[in-house]
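# no FASTA, just this:
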DNA sequence: TGACATTGGAGAGTATCACTATCCAATATT
DNA sequence: AATATTGGATAGTGATACTCTCCAATGTCA
């Protein structure tokens, strides 16, 4: 299989494949002569994964490279790999990529942590020991690492909802958390027990790739609920 | 309140505020002299919203502009605004706008600025009349518009999970959908009944800003579930 | 054998995005 | 009067993700 076949098999243009090779997002093929290299199924798989991560998961190429490196590193313990992967993943809002189904050309950078100005500066001590999110998860009995950056992201996202006047109070958060706990249970149950590597791969990719599935489901569920409730309430909400 | 106060109140640098004014992401202040314009609380609010949309929601400035235009357009019926907003929203992955309306980049003022809203979308191509996602939602009895692009995004995201070998089968999807339906119910219940405009604003912003909250909750829930289940199963999963 | 296409490798070029920087003359402030 | 700030404008920056062009070596087919 040469580069043109690889390109055709994945739908990725040849120059882009070359670019990915240059950028080490794709491992080199076996050089068979000075102008020929052979690629195989592993390249198809990797290329597909890169595109899934960037187009569906919304990762930047840099973030995708880190994720791939993390799940393919054989010398780390699962705990280490998870730590690396967690750090490799962009923030929860980091997704932002191509939309369309046909013109899928979007791309964008995951927003890692830029040192940009914060919004309204509500106290931001490095390593806030306590915060609304921390209290919330503690109140539910969730056992999470208090230093986990996801908690800070949750704080920021929650704050943003407040400032937008969305009325996201504790009660609503509790209802969300109940539902999300089900999702988390399903997530964890679906992790393969075959090997630590397989488990890590599954969790990391599941984090990135299933989020869009859930987001889409949410929009559809909103539509369904709105339509079925407006059947009795006669309001024109949510017709696309 | 002048531009420096606005900047200080929001944490957005003055040159960036100027940029947003140029790009009509922020409505101009009241010109009080040739070198002075007055801004008020509405500017603070708008600026905060723009930053929330871009930093938390992960939208591009172009997408944020469309969203803001949609929720602030007073001449459209709620149904129209919802339709516009749905199309303005990026894909489920927090997608960037693919193409089509991005001709706005000019540093040359006014060229297309006065042309106002790009609120006239071309009709959707029919696309796939049937797909796994369509069958899935139909099978659950969800009433959604069959031409909704979110269905295509769900197809793409689901496909990507398959190709990554995540084993996202119908059963798991059903479990996700059950949980997400709860979320959708909570979403719809929280929509204010005061005015159609307020409702539209709430739904649109809720779609963009609550997704990150849910994504963060999901990661925390995974952690919690993994930790509490590994308490008995002694596997080293998910320790950050 | 020869015409023609493809390949790997490399570098340069392009488009978009989201800012920054610099300049100006007209005002405010002190 | 001295200094600072403002609105308005143009131009420049850095990051990202490609895309293009070139090359000689090498395949492939007639």
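Perfect, thanks for sending it. From a predicted model like this one, the values you see are computed outputs, not experimental measurements. Residues are numbered from 1 along each chain as shown, chains lettered A, B, ... in the order given.
# By mean pLDDT, which helix or strand of chain A comes out lowest?
None of the helices or strands of chain A scores lower by mean pLDDT, DSSP states H and E than helix A:78-88, at a mean of 63.
# so what's residue A:24 closest to, chain neighbours aside?
With C-beta to C-beta, 6 or more residues apart in numbering or on different chains as the measure, residue A:65 is the residue that lies nearest to residue A:24, at 6.8 Å, once sequence neighbours are left out. In short, each C-beta sits where N, CA and C put it, glycine included.
# now chain A, which segments are flagged as low pLDDT?
With pLDDT under 70 as the threshold, chain A has low-confidence stretches at A:75-88, A:90-128, A:230-240.
# and the lengthiest helix in it, how far from the chain's centre?
With DSSP state H setting the assignment, residue counts place helix A:196-233 as the longest helix in chain A. For helix A:196-233, the distance from its own C-alpha centre to the chain's C-alpha centre is 12 Å (C-alpha atoms, centre = their mean, to the nearest Å).
# Which strands and helices lie in contact with that helix?
Packed against helix A:196-233 by the contact rule (3 or more C-beta pairs under 8 Å, 6 or more residues apart in numbering or on different chains; DSSP states H and E) you find helix A:61-72, helix A:78-88, helix A:170-189, helix B:132-140, helix B:149-163, helix B:170-189, helix B:196-233.
# Out of the ones you listed, flag the one nearest residue A:210.
Comparison of the helices and strands packed on helix A:196-233 against residue A:210 by C-beta to C-beta identifies helix B:149-163 as nearest, at 6.4 Å.
# Report the buried residues of the closest one.
Judged by neighbour count using 16 or more other C-beta atoms under 10 Å in any protein chain shown, the buried positions of helix B:149-163 are B:149-161, B:163.
# tally of neighbours for the residue in chain A that DNA strand D sits nearest to?
Using C-beta to the nearest atom of the strand, the single residue of chain A nearest to DNA strand D is residue A:33, 2.7 Å away. For residue A:33, the number of neighbouring residues by other C-beta atoms under 10 Å in any protein chain shown comes to 7.
# about what we covered before: quick one: closest of the helices and strands packed on helix A:196-233 to residue B:37.
Proximity to residue B:37 (C-beta to C-beta) singles out helix B:196-233 among the helices and strands packed on helix A:196-233, at 26.1 Å.
# Now do the contacts for residue A:205.
By C-beta atoms under 8 Å, 6 or more residues apart in numbering or on different chains, the contact set of residue A:205 is A:49, A:67, A:71, B:161, B:164, B:166.
# Please tabulate the helices and strands packed on helix A:196-233 in a markdown table, including the columns distance to residue A:216.
Output for the helices and strands packed on helix A:196-233, formatted as a markdown table (distance: least, C-beta to C-beta, whole Å):
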| stretch | distance to residue A:216 |
| --- | --- |
| helix A:61-72 | 21 |
| helix A:78-88 | 24 |
| helix A:170-189 | 14 |
| helix B:132-140 | 8 |
| helix B:149-163 | 4 |
| helix B:170-189 | 9 |
| helix B:196-233 | 11 |
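# got the ones you listed as a markdown table, with distance to DNA strand D columns?
Compiled in a markdown table, these are given as follows (distance: least, C-beta to the nearest atom of the strand, whole Å):
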| stretch | distance to DNA strand D |
| --- | --- |
| helix A:61-72 | 3 |
| helix A:78-88 | 13 |
| helix A:170-189 | 26 |
| helix B:132-140 | 25 |
| helix B:149-163 | 15 |
| helix B:170-189 | 28 |
| helix B:196-233 | 19 |
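# Are the helix or strand hosting residue A:8 and DNA strand C in contact anywhere?
Mapping residue A:8 onto the secondary structure by DSSP states H and E places it in helix A:3-10. Yes - applying C-beta under 7 Å from any atom of the strand, one finds helix A:3-10 touching DNA strand C at A:3-5.
# I'd like to know which of the residues you listed is nearest to residue A:23.
Closest to residue A:23 out of the residues of helix A:3-10 next to DNA strand C is residue A:3 (15.2 Å), distances taken as C-beta to C-beta.
# Assess the claim that residue A:143 and residue B:228 are in contact.
Yes - between residue A:143 and residue B:228 a contact is recorded at 6.3 Å, counting by C-beta atoms under 8 Å.
# got the contact list for the residue nearest to residue A:180 when sequence neighbours are not counted?
Distance criterion C-beta to C-beta, 6+ apart; nearest residue to residue A:180, sequence neighbours excluded, is residue B:217 at 4.3 Å. The neighbourhood of residue B:217, defined by C-beta under 8 Å, 6+ apart, consists of A:154, A:176-177, A:180.
# Tell me how far residue B:217 lies from DNA strand C.
Distance from residue B:217 to DNA strand C, counting by C-beta to the nearest atom of the strand, to the nearest Å: 26 Å.
# All set, thanks.
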